[in-house]
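A.B. asks: Sharing a model that was predicted from the sequence below.
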Amino acid sequence: MLVRYYGRLLVGTLSAFCAAFSLVSSASAETDLASRMKDPGQWPMAARDYANTRYSELDQINTGNASRLQLAWTFSVGADRGQEAAPLVVDGTMYVVGPYAGPYPNRVFALDATTGELKWSYAPKPEPAAAGVACCDVVNRGLAFDNGKVFLNTLDNHTVAIDAKTGKELWHTKLGEINKGETITMAPVVVKGKILVGNSGGEMGVRGWVTALDENTGAIAWRAYSTGPDKDVLIGDDFRPFYDNLKDKDLGVKSWPADRWQVGGGTVWGWISYDPELNLIYYGTANPSPWNANQRSGDNLWSTSIFARDPDTGRAKWAYQLNPHDLFDHDEINENVLIDLELNGQSRKVLIHPGRNGYMYVMDRATGEVISADAYDFVNSYKGVDLKTGKIIPNEEKTPLLGKTVENICPSAPGAKDWQPTAWSPHTKLLYVPHQHLCMNFKASQVGYIAGTPYVGADVDMYAGPGGYRGEFMAWDPVARKKVWELHEKLPVWSGALVTAGDVAFYGTMDRLFKAVDAKDGHLLWQFRAGSGFIGQPISYRGSDGQQYIAILSGVGGWPGVVANAEVDLRVRNAALGFAGATQDLPFYTAGGSELLVFRLGGTSGQDDNHAPSR
C-alpha cells in the first residue's frame, strides 16, 4: 500500500476503523442500504435501487406543473470532460464525483443537497498515465454508499472508502494494472457488505473480471474472471445454465484459440443488479478482444454474456451468451432491470436487458431462460433470436472479412444502446430507453497484442441510421413486446433516464438540452438549455425544505463526445474508434463542461427559452 498515493490517508486510521467495525455483520450492512432505498427522499446508489429501475416515488413534480421547473443551484466539479456520473443523495447530503481530468482527477464532493453548500471534498492523487490507456474518455459513472462510507473507483484501478461525514480516507485497494491497459470507470455496487467492482479495457486486450471487496477493510473476498478455466470463472457443480450448449466444462478456454482467452476481453464495466430473494447478482460482460473476429475462432466465452452469481462466494449459478463469437463490438454490459411481469397469465420474475445487439431481452432471472427478444431499433446484422436454442441468428452477408470493407451494418459498434441506463415505471409499466440510432462500415485488419496498447484490428466509420436521425428516447412495453412512443434526436442520446411517480420522464441530449416529457405519451413538458451537452444520469430526491429536486451533471464527452472535448481530428472519420464520423458536427453544438445542475419547482413562469411551449 503506497501511503503517498492518496493525499488524505490517515495514519493509523485503518486499524482503528477495522477494530471499530469488527462487530458489524454483513446483514446489518445490507439493512442500512436497503432501508435507504425504501425512502423516496434519498437516492442512495447510482441506479436508485438493486433492481436498477431508476424510478423515483416522488410526485410533487408532475405532468401538470413540470413546466414550472427552474434552476435551484449549480456547482462545478472543475474538469471539462465527459460527465457520466450519477449523484448520490443520503441524509440530506449529495455526493458527486468528477472525471479523471483537471488538477484533481476523480475528486469527490459532498454538498448540502438543498442549498448546494460545499461540506467537504476528497482529492485522490492517482497515476496520470491511466488517462493514456482509457478507451473512450476518462469518465466515472458514480459512487456507492453504505454504513456511513462513500466508495469511489478511480480510473487507475483503485477502490477507495471515504468517511461520508468528514471526507477522510479510510482505506484504498489496488485492483488492476494500467500497464496492462486496465482501468475502472464503473460505479461500484454494495451488496451484503461487499463492494462489487469490474474492470475496463477490452480494447487493450485485458482479461475481464468482477471483484468483491470487504467494505470495512478493502480486502478482496473473491474475483471471478470472464474468460479462462472454470476455477477462474468461479464455475462449479452448482452452475446451471438453461441452454445445453453452455453446460460443458472449461468453455472459457475451449471456445478460444490456444491461450487467446488470456487477452480475451469480456470486461465488466457496466451495471450490477441484485435480487435479495434469490440472493443473486446479475451483470453483463463486454466484447471479446480483438474486434477482428478472424483472429479468435469459437464462441469466445464468456464474453458478451449475462452472469447470475452468488454475492457471498462469487460462484456462477447460470450464464447466457448473447453474441457468440461477437463480430461487431457488441458489449453486453448494459443494465439488467429486475421486475415481476404477468406473462401469459403467469407471474414471472424476469430481468429486462436492452441488448447492445438491438434486441430487448426478457429473461427468467432464476433460470436464464430467454422468454422474448425483440428488435427495438433497426437491425440488419442479425436475423433474430431463436427462442428454442437462445441463440442469435447471424446475417452472414454482414460478416467482416479480413481486409474487406463491409458496408451498412446496423447497429454500429456502440450498439443500439450502450451503457446509458434505462428507467422503469411500475405505474405505466413501461421501460424508458435512451439510445443511439447508428450504422457503420467495418473493415477488419490483423493486429498484434502488446500490453497496454490498442488491440482492436478494425477500421470503423459510423453514420446515422435509416431516417437520418442519430438518437432516440422511447418507451417500451415488455409485455406487448413493442415500442409505445418514440422521440427522435439529431445526436445520439447518451444520457441516462429517470422516471417519477408524477409520470414525468427525464433525459438529456448532447446538444445541451435537458428534457422532461410525459411518461405516458412522450409529450414535451419542459426543457432547459445548459452550457454543455448531457451524457450524465438524472436523479430525483427530497430536500430538507420538503421540495422535490432533479439533478444531473452537464458536460459532453464519453465515446461519442470526445470530438468536442479532446484533441480529435474531425477530418478523420474513423477516429475515436469510429465515432468521429457519427458526431463530426458535435463541436458546432457544444464544448466540454463540468456543471452540476439542480432544479425544483418555481413560480408560474420562467425563462421562455427554457420552457416547452404549451399544448
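C.D. replies: Sure thing, it's come through. Only a predicted model underlies this, so the values are computations on that prediction, with no experimental measurement involved. Numbers count the residues shown, from 1 in each chain.

A.B. asks: Downstream of the helix or strand containing Ala34, the next helix or strand is which one?
C.D. replies: Here Ala34, judged by DSSP states H and E, is contained in helix 26-37. Once helix 26-37 ends, the next helix or strand along the chain (criterion: DSSP H and E) is strand 55-56.

A.B. asks: Relative to that following strand, what are the paired strands and their orientations?
C.D. replies: Sheet partners assigned to strand 55-56 using DSSP bridges are listed as strand 498-500 (parallel).

A.B. asks: C-terminal to the strand it pairs with, which secondary structure element comes first?
C.D. replies: Using DSSP H and E, the helix or strand that follows strand 498-500 towards the C-terminus is strand 504-508.

A.B. asks: So which residues make contact with that following strand?
C.D. replies: 61-63, 66, 423, 425, 432, 434, 473, 475, 493, 495-500, 514-519, 525, 533-536, 538, 550, 552, 554 (CB atoms under 8 Å, 6 or more residues apart in numbering). For the C-beta atoms, the positions are set from N, CA and C on the backbone; glycine is no exception.

A.B. asks: and if you look at stretch 516-528?
C.D. replies: Taking CB under 8 Å, 6+ apart as the criterion, the residues outside stretch 516-528 that touch it are 61, 63, 66-67, 69, 71, 425, 427-428, 430, 432, 473-475, 485-487, 499-500, 503-507, 513-515, 597, 599, 610-612, 615.

A.B. asks: is it fair to say Leu577 lies in a helix?
C.D. replies: Yes: following the definition DSSP: H, G, I helix; E, B strand; the rest coil, Leu577 is counted among the residues of a helix.

A.B. asks: and it, how many neighbours?
C.D. replies: 21 (other CB atoms under 10 Å).

A.B. asks: Tell me which residues touch it, please.
C.D. replies: Taking CB under 8 Å, 6+ apart, one finds Cys135, Cys136, Glu203, Ala413, Val456, Val460, Trp559 in contact with Leu577.

A.B. asks: Low-confidence regions, this structure specifically.
C.D. replies: When the per-residue scores of the chain are filtered using pLDDT under 70, the ranges that remain are 1-31, 604-615.

A.B. asks: Show me which positions of stretch 527-537 end up buried.
C.D. replies: Neighbour-count burial for stretch 527-537, counted by 16 or more other CB atoms under 10 Å, picks out Gln527, Phe528, Ala530, Gly531, Ser532, Gly533, Phe534, Ile535, Gly536, Gln537.

A.B. asks: Tabulate those residues in JSON lines, adding columns for secondary structure and distance to Ile450.
C.D. replies: Supplementary listing: these in JSON lines, determined by DSSP: H, G, I helix; E, B strand; the rest coil; distance: CB to CB, whole Å:
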{"residue": "Gln527", "secondary structure": "strand", "distance to Ile450": "47"}
{"residue": "Phe528", "secondary structure": "strand", "distance to Ile450": "46"}
{"residue": "Ala530", "secondary structure": "coil", "distance to Ile450": "41"}
{"residue": "Gly531", "secondary structure": "coil", "distance to Ile450": "40"}
{"residue": "Ser532", "secondary structure": "coil", "distance to Ile450": "35"}
{"residue": "Gly533", "secondary structure": "coil", "distance to Ile450": "34"}
{"residue": "Phe534", "secondary structure": "coil", "distance to Ile450": "36"}
{"residue": "Ile535", "secondary structure": "coil", "distance to Ile450": "31"}
{"residue": "Gly536", "secondary structure": "coil", "distance to Ile450": "34"}
{"residue": "Gln537", "secondary structure": "coil", "distance to Ile450": "35"}
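
A.B. asks: between those, which is closest to Asn287?
C.D. replies: Of all the buried residues of stretch 527-537, the one with the least separation from Asn287 (CB to CB) is Ile535, at 20.5 Å.

A.B. asks: now the residue nearest to the closest one when sequence neighbours are not counted: how far from Ile333?
C.D. replies: Sequence neighbours aside, Trp494 is the residue nearest to Ile535 in space, at 4.3 Å (criterion: CB to CB, 6 or more residues apart in numbering). Relative to Ile333, Trp494 is positioned 15 Å away (CB to CB, to the nearest Å).

A.B. asks: So for those two, which residue has more residues nearby?
C.D. replies: Counting neighbours by other CB under 10 Å for Trp494 and for Ile333 shows that Trp494 has the greater number, 31 against 26.

A.B. asks: could you list every residue that touches that one?
C.D. replies: The contact partners of Trp494, taken as CB under 8 Å, 6+ apart, are Asp418, Gln420, Pro434, Gln436, Gly471, Met510, Phe534, Ile535, Gly558, Pro560, Gly561.

A.B. asks: now with 7 Å?
C.D. replies: Residues in contact with Trp494 (CB atoms under 7 Å, 6 or more residues apart in numbering) are Gln420, Met510, Ile535, Gly558, Pro560, Gly561.

A.B. asks: and the contacts of Leu577 as TSV, adding secondary structure?
C.D. replies: Formatted as TSV, the contacts of Leu577 follow (three-state DSSP):
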residue	secondary structure
Cys135	coil
Cys136	coil
Glu203	helix
Ala413	coil
Val456	coil
Val460	strand
Trp559	helix
